[in-house]
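*Asks:* whatever this is, show me its structure:
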Amino acid sequence: MASTETSAVEDGGVTKGGAGDGGGDLAGLEAGLDALETTDRAGRPAFRKTFMEKIFPPIVAVALVLVVWQVLVWAEVTDSYKLPAPSAVWDEVQDAWLQGTLLEYIWTSVSRGLLGFLMALAIGTPLGLLVARVKFVRAAIGPILSGLQSLPSVAWVPPAVLWLGLNDSMMYAVILLGAVPSIANGLVSGVDQVPPLFLRAGRTMGATGLRGTWHIVVPAALPGYLAGLKQGWAFSWRSLMAAEIIASSPDLGVGLGQLLENGRTANSMPMVFLAILLILIVGIAIDLLIFSPLERWVLRSRGLLVKS
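*Replies:* Okay, the predicted model is just below:
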């Protein structure tokens with residue numbers, strides 16, 4: 001009798017559980033849909049959140065710098081011709097804008113820098129692959145590339161002027177000598193960090209020679225290659241500024257480096273500060289507009305960065 005009652009209870013529990021499973025599935029489906037909607041909303045963050053996380057902190061940092069700068073001017077820590085007020089630098093910006101020369105200064109240097117960097121990219125990439133994949137070439141050229149990378153870019157300006165004269169070719173030569181070793185060494189470092197398993201798997205699937213380099217080596221070496229590109233751009237920009245400061249000619253126009261030198265010659269600290277700020281702004285803009293998106297794409301493609 002007890003056994004029969006127990007069996008009935010168990011049967012009733014199973015039957016009720018089966019009904020409950022259907023209700024649970026429906027509840028789970030609803031919860032899943034709600035989660036998808038929440039994820040979709042989270043994928044489009046509100047402007048206020050974006051502003052507070054990405055825009056507001058740099059604004060605060062710039063404001064603090066301006067406040068400290070103005071306080072130092074009021075405290076007269078040095079002569080006014082050595083440390084101009086922010087308003088004096090702003091007046092210099094307005095004058096350059098009204099004269100129509102501000103954008104010209106920027107474009108002269110940015111166009112040279114980007115074109116020189118693209119040329120360095122076209123030379124440094126195959127050179128880096130060659131050094132990374134051919135042992136004899138690495139033994140012969142690898143130490144030279146490392147030495148050239150450690151050589152200050154400004155050292156190339158005098159010989160470039162003597163070889164090529166005061167023209168754009170001299171500027172591009174200095175950029176190439178400064179950027180190519182960094183790009184090549186970055187790619188070599190990236191290739192060296194490719195797991196051997198990837199190479200063996202590629203050879204097993206028939207990816208050898210140029211096909212293996214293009215489909216296996218280059219994608220796997222992207223993080224190191226990208227680091228080399230960022231460093232190559234930094235060397236390109238520094239090399240260009242050094243060349244523009246040292247070499248001046250009416251045929252070369254006035255870039256940011258030449259603007260800096262003109263400020264020194266005229267003993268105009270507002271002009272010097274204007275040139276420094278423009279050089280800094282261009283460097284930050286190139287990093288934010290080009291290299292940061294590339295870096296996020298590479299990290300996201302490897303599952304190392306969650307898209308928010």
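*Asks:* tell me the contacts of residue 273?
*Replies:* 84, 89, 92 (CB atoms under 8 Å, 6 or more residues apart in numbering). Backbone N, C-alpha and C define where each C-beta goes, glycine included.
*Asks:* in helices only, show me these.
*Replies:* 89, 92 (DSSP state H).
*Asks:* now distance to residue 195, pLDDT and neighbour count too, for the contacts of residue 273, in JSON lines please.
*Replies:* Below are the contacts of residue 273 laid out as JSON lines (distance: CB to CB, whole Å; pLDDT from 0 to 100; neighbours: other CB atoms under 10 Å):
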{"residue": "84", "distance to residue 195": "55", "pLDDT": "89", "neighbour count": "21"}
{"residue": "89", "distance to residue 195": "51", "pLDDT": "89", "neighbour count": "19"}
{"residue": "92", "distance to residue 195": "54", "pLDDT": "91", "neighbour count": "22"}
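*Asks:* mind putting the contacts of residue 273 in a markdown table, distance to residue 273 included?
*Replies:* Output for the contacts of residue 273, formatted as a markdown table (distance: CB to CB, whole Å):
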| residue | distance to residue 273 |
| --- | --- |
| 84 | 6 |
| 89 | 5 |
| 92 | 8 |
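*Asks:* just the helices from the stretch 1-150 of the chain, written as ranges.
*Replies:* Secondary structure of the stretch 1-150 of the chain (DSSP state H, counting those that start in this stretch): helices located at 2-42, 47-50, 56-75, 86-98, 102-133, 135-150.
*Asks:* re earlier: let me know the closest of the contacts of residue 273 to residue 253.
*Replies:* The closest of the contacts of residue 273 to residue 253 turns out to be residue 92 (CB to CB; 19.1 Å).
*Asks:* distance-wise, check the closest residue to the closest one other than its chain neighbours relative to residue 241.
*Replies:* With sequence-adjacent residues excluded and distances taken as CB to CB, 6 or more residues apart in numbering, residue 92 is closest to residue 270, at 4.2 Å. Distance check for residue 270 against residue 241: by CB to CB, to the nearest Å, it reads 19 Å.
*Asks:* which of the two has more residues huddled nearby?
*Replies:* The neighbour comparison of residue 270 against residue 241 (other CB atoms under 10 Å) goes to residue 241, with 23 against 20.
*Asks:* so what pLDDT did the more buried one get?
*Replies:* For residue 241, the pLDDT comes out at 92.
*Asks:* go on, the one 4 residues further on?
*Replies:* Among the per-residue scores, residue 245 holds a pLDDT of 90.
*Asks:* from residue 232, how far off is it?
*Replies:* Residue 245 is 20 Å from residue 232, where distance means CB to CB.
*Asks:* tell me which of these two has more neighbours.
*Replies:* The residue with more neighbours, out of residue 245 and residue 232, is residue 232; 26 against 20, by other CB under 10 Å.
*Asks:* how far does whichever helix or strand the more buried one is part of sit from its chain's centre?
*Replies:* Using DSSP states H and E, residue 232 sits in helix 222-246. From the chain centre to the centre of helix 222-246 is a distance of 11 Å (CA atoms, centre = their mean, to the nearest Å).
*Asks:* quick one: the very next helix or strand once past it to chain centroid distance?
*Replies:* Sequence order places helix 256-265 as the next helix or strand after helix 222-246, per DSSP H and E. Helix 256-265 sits 27 Å away from the centroid of its parent chain (CA atoms, centre = their mean).
*Asks:* likewise for stretch 188-199?
*Replies:* Offset of stretch 188-199 from its chain centre (CA atoms, centre = their mean): 22 Å.
*Asks:* what sits up against it?
*Replies:* For stretch 188-199, the surrounding residues in contact (CB under 8 Å, 6+ apart) are 128-129, 131-133, 138, 142, 145, 212, 216-217, 220-225, 227-228.
*Asks:* same check on stretch 75-92?
*Replies:* By CB under 8 Å, 6+ apart, the surrounding residues in contact with stretch 75-92 are 66, 69-70, 72-73, 267-271, 273-274, 277.
*Asks:* mind listing what's buried in it?
*Replies:* Using 16 or more other CB atoms under 10 Å as the test for burial, stretch 75-92 gives 84, 88-89, 92.
*Asks:* ok, now stretch 279-288?
*Replies:* Buried positions in stretch 279-288, judged by neighbour count with 16+ other CB under 10 Å: 279, 282-283, 286.
*Asks:* buried set for stretch 255-267?
*Replies:* Residues of stretch 255-267 classed as buried: 255-263 (neighbour count, 16+ other CB under 10 Å).
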